[in-house]
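Peer 1: what's the 3D shape of this:
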Amino acid sequence: MTLHIGPTFSALALRAFARYPQKTAFRSASGSVTYSGVADMMGRMQGVLSACGIGRGDIVALLSANRWETWCAGVAVQALGAGVTYLHPMASLDSHLYQLGDSGAALLIVDADVFLDRGAELAAMSDKLAVLTLGAAGYGKSLFDLANKIGSVSPVDLSIGHEIGTLNYTGGTTGRPKGVVRTNAAGAHTTFSILADFELPTQPRYLASAPISHVSGTNVLPTLLRGGSVHLLGKFDPEQLMHTIEKERINFSLLVPTMIYTLMDHPAFSRFDLSSIELLLYGASPMSPSRLAEGIERIGSVFSQLYGQSECYPIAVLPKADHDVKRPELLSACGYPTTTSNVVLLDQDGNEVAMGEPGEICVRAPHAMQQYWQQPEQTRDAFAGGWLHTGDVARSDEQGRLYIVDRKKDMIISGGFNVYPREVEDVLTSHPAVSSAAVIGVADPKWGEAVQAVVVLKSEAVATADELMQLVRQRKGPVLAPKSVRFVDTLPVTPLGKVDKKALRAQS
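Peer 2: Numbering: from 1, shown residues only. Got it, this is the predicted structure:
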């Protein structure tokens, strides 16, 4: 057992609450709350959780839209020595039931204002699962009512660094979903890395529209440690997001590329003042270099790319200075390894590749996962050779920047040649009529796999399949040129905002 010397995630949260008691911690459509108000609620929630028998080693599930009380409940659970597992707001009933069963969750906290019906289904179908609700419901017990009866209680921190802090689940695109075990120490080190490597404003006013149960939520504690405020939107609505930025003078946010494309393509985009933004993080999937250049032109030199995954986040960051339209080759980079990440690119035999050659990104970091929950074989495979294998293929340059080539599992083998979809996608999105594009391999009797492009055109724009295929042929040669082009209104995305290529393949 490796002892963790230093504060845990929940210890850092309590430190922030004590340091800025009268400042506003969270704002949302329902109002605002101070740091001391969050601390008070955390103490009350701990009293309720303890009365429910929650303690060291237990797992508590959370299903909620973006609300500060849910974030507070998660910290309260961890500070009691228990772990949290976040149910994705957009996941199916079967996915939620699987996660509850596989994690062995003892308690479910449901945002009944938004997930009233789903909470009822889970409560009815999950044996021996206690349920607390945020808001009125005809099942479970009201966490707010119980917290009010408890009275004011000072929060405590019983967390231990090497114990489970979070148990979150992968998307299951290559098999059944895997539970990613990250410790209380790993959560703290993620926070340290964000503070060290992300160019946060001095006084952040952070806007979260993506679910804070996932990557968007990793910026909450760093914002609070800076004495900033977290502004929560219930969902991504482009016009509401731009209105909030203008009204609240938001200076920091995180969006996935598809959200940024939607903003820039929105007819009301030019009506809003977005000049307060100092840092706009993007990640979860690569962003088209041509559309990124457009964003820099229209929004400003505020972009910074993050790279990581459920198993280890963050791994690399591309700073604002490298988002230089005069050096367009840098717009394809995903960044430099973070301060706390040791990164190598390895070939299939586990040897480090030469600079400029493609290899799998492998990492060692204190914020990496501990294991896959109850899946020892997958854990051994993930840590083969003592490195966490990400499944992403990249090249590096002389300065140490990483350039994602593609996911290993998305690589297309056409006529014996390796085709990395991102190379083709970047060419397609450079066409002025193309809003977004995804490239997949489809079965073909001649080539084994044929390259197919799935394309979304900008409103009222026109482009033909032959025109786009010829563009790729001219830029990249015949091997990478799509054999077919399929036009769609939108690209399907996963709950995390990534283009869902599994769904695209099923539609072909």
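Peer 1: For the nearest residue to Q99 once chain neighbours are set aside, grab the count of nearby residues.
Peer 2: With sequence-adjacent residues excluded and distances taken as Cβ to Cβ, 6 or more residues apart in numbering, Q99 is closest to Y169, at 5.3 Å. Where you see a C-beta, it was placed from the backbone N, CA and C, and this is true even at glycine. Residue neighbour count, defined by other Cβ atoms under 10 Å, stands at 23 for Y169.
Peer 1: Can you give me every residue that contacts Y169?
Peer 2: T85, H88, Q99, D102, P177, K178, G179, V180, S310 (Cβ atoms under 8 Å, 6 or more residues apart in numbering).
Peer 1: pLDDT value on it, please?
Peer 2: pLDDT recorded at Y169 is 91.
Peer 1: Tell me what it is bridged to.
Peer 2: Note on Y169: beta-bridge partners by DSSP bridges are G179.
Peer 1: Quick check, V405 in contact with Y420.
Peer 2: Yes - contact criterion Cβ atoms under 8 Å: V405 and Y420 qualify, at 4.7 Å.
Peer 1: Give the residues shared as contacts by the two.
Peer 2: Contacts common to V405 and Y420, judged by Cβ under 8 Å, 6+ apart, are V393.
Peer 1: which of those two has more neighbours?
Peer 2: Using other Cβ under 10 Å as the criterion, V405 and Y420 rank with V405 on top: 23 against 19.
Peer 1: Kindly list the main-chain dihedrals of the more buried one?
Peer 2: phi -90, psi -50 (degrees, to the nearest 10).
Peer 1: start the count at 189, not 1, going forward
Peer 2: All right, first residue 189 from here; so that's V593.
Peer 1: Contacts only, for it.
Peer 2: Contacts of V593 (Cβ under 8 Å, 6+ apart): P546, V581, A582, R583, Y608, R610, E611.
Peer 1: try it again with 10 Å
Peer 2: 474, 520, 546-549, 580-583, 599, 606, 608-611 (Cβ atoms under 10 Å, 6 or more residues apart in numbering).
Peer 1: repeat for T378
Peer 2: 197, 353-354, 370, 406, 409-410, 496, 500-502, 526, 528, 553-556.
Peer 1: Helices of the stretch 289-438 of the chain, start to end?
Peer 2: 300-313, 331-338, 372-385, 408-413, 426-436 (DSSP state H, counting those that start in this stretch).
Peer 1: Could you do the stretch 439-588 of the chain as well?
Peer 2: For the stretch 439-588 of the chain, the helices defined by DSSP H, counting those that start in this stretch cover 445-453, 477-487, 564-570.
Peer 1: of those helices, which approaches A267 most closely?
Peer 2: helix 564-570 (27.1 Å; Cβ to Cβ).
Peer 1: Check which residues of the closest one are buried.
Peer 2: Within helix 564-570, the residues that qualify as buried are Q566, T567, A570, counting by 16 or more other Cβ atoms under 10 Å.
Peer 1: hang on, the last one packs against E548?
Peer 2: Spelled out, that is A570. No - the criterion here is Cβ atoms under 10 Å, and A570 misses it with E548 at 11.6 Å.
Peer 1: Show me the common contact partners of the two, please.
Peer 2: The contact sets of A570 and E548 overlap at H577, T578, G579 (Cβ under 10 Å, 6+ apart).
Peer 1: From C550, how far out is the second one?
Peer 2: From T578 across to C550, the span is 7 Å (Cβ to Cβ, to the nearest Å).
Peer 1: Give me the common contacts of the two.
Peer 2: V531, A570.
Peer 1: And the residue nearest the centre of this structure?
Peer 2: In the chain, the centroid-proximal residue (Cα atoms, centre = their mean) is V403; its distance is 3.2 Å.
Peer 1: What distance do you get for that one to M475?
Peer 2: 15 Å.
Peer 1: which of the shared contacts of A570 and E548 lies closest to S381?
Peer 2: Closest to S381, out of all of those and judged by Cβ to Cβ, is T578, at 15.9 Å.
Peer 1: And the next helix or strand past the least confident helix or strand in the chain by mean pLDDT?
Peer 2: Ranking every helix and strand in the chain by mean pLDDT, DSSP states H and E puts strand 605-607 at the bottom, with a mean of 70. Later in the chain than strand 605-607, the nearest helix or strand by DSSP states H and E is helix 609-616.
Peer 1: And that next one, what's buried?
Peer 2: Per 16+ other Cβ under 10 Å, helix 609-616 contains these buried residues: P609, R610, E611, V612, E613, D614, V615, L616.
Peer 1: Mean confidence (pLDDT) on it, please.
Peer 2: The model assigns helix 609-616 a mean pLDDT of 85.
Peer 1: other SSEs contacting it?
Peer 2: In terms of contacts (3 or more Cβ pairs under 10 Å, 6 or more residues apart in numbering; DSSP states H and E), helix 609-616 is packed against helix 477-487, strand 590-595, strand 622-632, strand 636-645, helix 653-664.
Peer 1: now that helix and strand 622-632, what's the angle there?
Peer 2: 140 degrees (axes from the mean of the first three to the mean of the last three Cα atoms, to 10 degrees).
Peer 1: Return the distance of helix 609-616 from the chain's centre.
Peer 2: When C-alpha coordinates are averaged (Cα atoms, centre = their mean, to the nearest Å), helix 609-616 and its chain have centres 23 Å apart.
Peer 1: now do stretch 664-675
Peer 2: So, by Cα atoms, centre = their mean, the centroid of stretch 664-675 is 30 Å from its chain's centroid.
Peer 1: can you pull the buried residues of that stretch?
Peer 2: In stretch 664-675, counting by 16+ other Cβ under 10 Å, buried: L668, A669, P670, V673, R674.
Peer 1: Just the C-alphas of that stretch, formatted as CSV.
Peer 2: Extracted C-alpha coordinates of stretch 664-675, given in CSV (Å, rounded to 0.1, in the frame of the first residue of the first chain):
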residue,chain,number,x,y,z
LYS,A,664,-3.9,13.2,-49.1
GLY,A,665,-3.8,10.8,-52.1
PRO,A,666,-6.0,8.0,-53.3
VAL,A,667,-5.6,5.7,-50.3
LEU,A,668,-7.2,8.2,-47.9
ALA,A,669,-9.8,9.4,-50.3
PRO,A,670,-13.4,8.3,-49.3
LYS,A,671,-15.0,5.7,-51.6
SER,A,672,-18.4,7.1,-50.6
VAL,A,673,-19.9,10.2,-48.9
ARG,A,674,-23.1,10.2,-46.8
PHE,A,675,-24.8,13.6,-46.0
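Peer 1: quick one, the longest helix along the chain and helix 331-338 angle?
Peer 2: Ranked by residue count under DSSP state H, the longest helix found in the chain is helix 223-239. For helix 223-239 against helix 331-338, the angle by the same axes, to 10 degrees is 90 degrees.
Peer 1: which secondary structure elements does helix 223-239 contact?
Peer 2: Partner elements for helix 223-239 (3+ Cβ pairs under 10 Å, 6+ apart): helix 197-207, strand 212-216, strand 219-222, helix 256-267, strand 295-299, strand 318-322, helix 331-338.
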